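Got a predicted model here, sequence first, then my questions.
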Amino acid sequence: MKKINNPLKIDKIENLGENWLIADFGCDENGDKYIVTTDHVRASEFEAHTPKQYAEVFVKTPKM
């Protein structure tokens, strides 16, 4: 599998579109809805072939 250093980023829901949604953490006191998405990671960038291998790409990356 290709090593992807940090495939995740924190974003706001209004920016969701071209990245994969990973988690939704709800709204803060200002009404901003925060999510975690991939950071422009495409399936074609690494050689994962099963759901487990895709999950391992995210679990085995450095902590944010």
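Sure thing, it's come through. Numbering: from 1, shown residues only.

From start to finish, how long is stretch 15-35 in a straight line?
Stretch 15-35 has an end-to-end distance of 9 Å (Cα to Cα, to the nearest Å).

Quick one: residues contacting the most centrally placed residue in the chain.
Nearest to the geometric centre of the chain sits residue 38, at 2.6 Å (Cα atoms, centre = their mean). By Cβ atoms under 8 Å, 6 or more residues apart in numbering, the contact set of residue 38 is 7, 8, 9, 19, 20, 22. In this view, the C-beta of every residue, glycine as well, is placed from N, C-alpha and C.

Would you mind checking those for buried ones?
Neighbour-count burial within the contacts of residue 38 applies to 7, 8, 9, 19, 20; the criterion is 16 or more other Cβ atoms under 10 Å.

The residue nearest to residue 12 when sequence neighbours are not counted and residue 52: what is the separation?
Excluding the flanking residues, the one nearest residue 12 by Cβ to Cβ, 6 or more residues apart in numbering is residue 32, at 5.7 Å. Residue 32 sits at a distance of 33 Å from residue 52 (criterion: Cβ to Cβ, to the nearest Å).
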